[in-house]
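>>> Sequence plus the predicted model coming up.
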Amino acid sequence: MPLAVYILGLSVFALGTSEFMLSGLLPPIADDMNVSIPRAGLLISAFAIGMVIGAPLLAVATLRLPRRTTLIALISVFGLGQVAGALAPTYEVLFVSRVVSAFACAGFWAVGAAVAIAMVPVNARARAMAVMIGGLSIANVLGVPLGAFLGGNLGWRSAFWAVGAASAVALAGVMTLIPRIPVPDEKPQLRREVGIYRDRQVWLSIVITALAAGGVFCAFSYLAPLLTDVAGLDSGWVPTVLALFGIGALIGTTIGGRVADAHLFGVLLSGIAASTVFLAALALFASNQAAVITLSFLLGLSAFYTAPALNARMFNVAGAAPTLAGATTTAAFNLGNTGGPWLGGAVIDADFGFGATAWAGAAMTVAALVAVVVSLRLQRARGAATRLIATGAVVQDAAMEGTAAQGAAMEGTAAQGTAVEGAPAQGAPAQGTAVESADCATG
């Protein structure tokens, strides 16, 4: 695996920490900004909305720009967004800073994914994406719990300052270690890239990714209050449980990245089914401390086990447009990260409780499973049609060759018959002439 792919993974650590750390900071942010926890949860949705809009928009806007320069610009804007969040005097300013940071994060993900995919062969795409997603997993193992720890001890703003510092380190790594990627001889064509959206499988991949991600983050976004208010754990446990989720995510990413290239649909079906079971169990046993801690780990494992396959699937069905494919995957994940927390907040506002967010998430993952089955059947039908066409072409070619051979044989037979008929015709006069000559000589 090229070194540049690992550098991209390290950069994603800073991005992922910022994206997910709010799950452990919602109570202190809500108290400081004088808003409810569901409204504070909208900051997670704000980041996701910025990712949804920013990923395709920036992918198109930077389509013909040098990749390395684009990555440098985007990670710089992202870092400034963290500083703005740390200094935000009101909820509205914090909300806007999250959207701006999300735009830059989305662009980095889209361009970075396209760069990573371009540097490896087709049969290593899932592994390359696993390296990048591994940065996200490490963010959940280290960054998110550290953010929760800082928020609980030094105030939530300190977590934003820490991510800003991590962004500066990421910027240094991109500037010094990411190679200059040559501009292709044939510049990317926007019309050709946008053409991927005519494929039903692309839209199915978007739906699957959004529902699978949304189902998990419908519950994960409100994990901190679920741990303290429902399970009865001390707030000091929140960083530890978030770290367990991250450890599960890291293990899941590693396993999924190794298996998905050979068994993509198997990973999707088994991983999303497992997330559904774990979410249902979390809803049922939300008041059991041991069960909640264990299920947090398992949910991280199942969610990130499917992530490399979800990414690779989009690049497989939209291979003609790698940059926009990366942007579309990013947007799809964050459609889920928008819809999931929103649905969870709606469930909480309806007084169903924090535990009910897991039931809502399970409903989303069930819908994702249905979409996977539909996609698999369409692919098998398309493959069968392709084989049928190929078989028909072979049969037609064989028939044409057989007809040609039969024609050649008939022509050969005709020629042979002509030769046979011609032999007596030529021989008879000669024989007659010889007889006549003999008679003349005798006479």
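In hand now; what should we look at?
>>> distance between the helix or strand harbouring Ile138 and the chain's centre?
Secondary-structure element containing Ile138, defined by DSSP states H and E: helix 125-138. Centroid separation for helix 125-138 versus its chain: 11 Å, with C-alpha atoms, centre = their mean, to the nearest Å.
>>> Sort out which residues of whichever helix or strand comes after it are buried, please.
Using DSSP H and E, the next helix or strand after helix 125-138 towards the C-terminus is helix 144-154. For helix 144-154, burial by neighbour count (16 or more other C-beta atoms under 10 Å) applies to Val144, Pro145, Leu146, Gly147, Ala148, Phe149, Leu150, Gly151, Gly152. C-beta: built from backbone N, CA, C; applies to glycine.
>>> What of stretch 31-47?
Buried residues in stretch 31-47, counted by 16+ other C-beta under 10 Å: 32-33, 35, 37-47.
>>> Among the residues you listed, find the lowest-pLDDT one for me.
pLDDT is lowest at Ser45 among the buried residues of stretch 31-47; the value there is 79.
>>> What residues does the closest residue to Ser205 other than its chain neighbours make contact with?
Spatial nearest neighbour of Ser205, excluding adjacent residues (C-beta to C-beta, 6 or more residues apart in numbering): Met314 at 4.9 Å. Neighbour list for Met314: Val202, Ser205, Ile206, Thr209, Ala325, Gly326, Thr328, Thr329, Ala332 [criterion: C-beta atoms under 8 Å, 6 or more residues apart in numbering].
>>> Those in strands, which ones?
With DSSP state E as the criterion, strands contain none of the contacts of Met314.
>>> how about CSV for those residues, with neighbour count, pLDDT and distance to Leu250 added?
CSV is the format used below for the contacts of Met314 (neighbours: other C-beta atoms under 10 Å; pLDDT from 0 to 100; distance: C-beta to C-beta, whole Å):
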residue, neighbour count, pLDDT, distance to Leu250
Val202, 21, 90, 29
Ser205, 27, 93, 24
Ile206, 20, 92, 26
Thr209, 29, 93, 20
Ala325, 27, 76, 25
Gly326, 28, 73, 22
Thr328, 26, 83, 25
Thr329, 26, 83, 20
Ala332, 28, 88, 22
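>>> just those now: which is nearest Val115?
Nearest to Val115 among the contacts of Met314: Gly326, at 8.8 Å, using C-beta to C-beta.
>>> correct me, but the closest one touches Ala106?
No: contact between Gly326 and Ala106 fails when scored by C-beta atoms under 8 Å: they sit 10.0 Å apart.
>>> picking up where we left off before, and the furthest pair within the buried residues of stretch 31-47?
Greatest spatial distance in the buried residues of stretch 31-47: Asp32 and Ser45, 19.0 Å, computed using C-beta to C-beta.
>>> Next one: Gly256 from Tyr305, what distance?
In this structure, Gly256 and Tyr305 are 4 Å apart, going by C-beta to C-beta, to the nearest Å.
>>> Between the two, point out the one with more neighbours.
Taking other C-beta atoms under 10 Å, Gly256 and Tyr305 do not tie; Gly256 has more neighbours (31 against 27).
>>> name the element that one belongs to?
Here Gly256 is assigned to helix 237-259, by DSSP H and E.
>>> Which strands or helices does that helix pack on?
Helix 237-259 sits against helix 125-138, helix 144-154, helix 223-225, helix 264-284, helix 289-317, with contacts defined as 3 or more C-beta pairs under 8 Å, 6 or more residues apart in numbering; DSSP states H and E.
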